[in-house]
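*Asks:* For reference, the sequence and a predicted model appear below.
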Amino acid sequence: MFTEKYTDKVMEHFAHPRNVGTIEDADGVGEVGNPACGDMMTFYIRVQDGRIAEIKYKTFGCVAAIAVASVVSELAKGKTLEEAKALRNEDIARELGGLPKQKWHCSVLGLKALREAIEDYEARVSGKPRQKTTRPKRKQTCPSCGVENPLTARFCMNCGTALEGSCGS
């Protein structure tokens, strides 16, 4: 579902994104993207009775990335984990009234971050550590606000301060 420009729905979610933020002690966290050269999304979920009871996200990216994260959070909230995992890129694009072809990857990124958060939750519940959790630390702390960011991030995802340890500095 491609369009040539951003739809009114995309612009509405960009201007007024829903569910932005973090969840302290989240049941599952999913972080995807390439912050040094593109979009970055981190989803946080709280699960209750097998459903996503609460969902928040932080996005560092373009108009489409922000709108996609907003819509993914709205579509996933209240769904069972299986229903949330079954969401497709087409569902996100349809909800937004379409996306420009060159921004289709944002719908992929949004769903990937959600699925990563669900996989993180499932791994925690099963007691089996995820492969990703054993990797070396890939974070840097923002000197302005103290929030941890991916090591390759050029700007803080919380306050926008330029970060010294990034590949762009």
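*Replies:* Received the coordinates, thanks.
*Asks:* contacts, neighbours, all on C-alpha from now
*Replies:* Will do.
*Asks:* how far away is the closest residue to Lys5 other than its chain neighbours from Leu109?
*Replies:* Once flanking residues are discounted, Lys5 sits nearest to Pro100: 5.8 Å by Cα to Cα, 6 or more residues apart in numbering. From Pro100 over to Leu109 the distance is 15 Å, taken as Cα to Cα, to the nearest Å.
*Asks:* and these two? which has more neighbours close in?
*Replies:* Neighbour totals were compared for Pro100 and Leu109, and Leu109 leads with 21 against 16 (other Cα atoms under 10 Å).
*Asks:* and the more buried one, what element?
*Replies:* helix 104-126 (DSSP states H and E).
*Asks:* Same question for stretch 42-50: list its buried residues.
*Replies:* By neighbour count on 16 or more other Cα atoms under 10 Å, the buried set for stretch 42-50 is 42-47.
*Asks:* so how far is it from its chain's centroid?
*Replies:* Computed by Cα atoms, centre = their mean, to the nearest Å, the chain-centroid distance of stretch 42-50 equals 13 Å.
*Asks:* pull the CA atoms of that stretch into CSV?
*Replies:* Taking C-alpha atoms only, stretch 42-50 is exported to CSV below (Å, rounded to 0.1, in the frame of the first residue of the first chain):
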residue,chain,number,x,y,z
THR,A,42,12.7,0.7,21.3
PHE,A,43,9.4,-0.8,22.5
TYR,A,44,8.5,-1.6,26.1
ILE,A,45,5.7,-3.9,27.0
ARG,A,46,3.9,-4.9,30.2
VAL,A,47,2.0,-8.2,29.9
GLN,A,48,-1.0,-9.2,32.0
ASP,A,49,-3.0,-12.4,31.5
GLY,A,50,-1.3,-13.1,28.2
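*Asks:* can you list contacts of that stretch?
*Replies:* With contacts defined as Cα atoms under 8 Å, 6 or more residues apart in numbering, stretch 42-50 is touched by 22-23, 26-32, 52-59, 80-81, 113-114, 117-118.
*Asks:* about what we covered before: tell me what the helix holding Leu109 is packed against?
*Replies:* For helix 104-126, the elements it packs on are strand 28-33, strand 40-48, helix 63-76, helix 81-85, helix 89-95, judged by 3 or more Cα pairs under 8 Å, 6 or more residues apart in numbering; DSSP states H and E.
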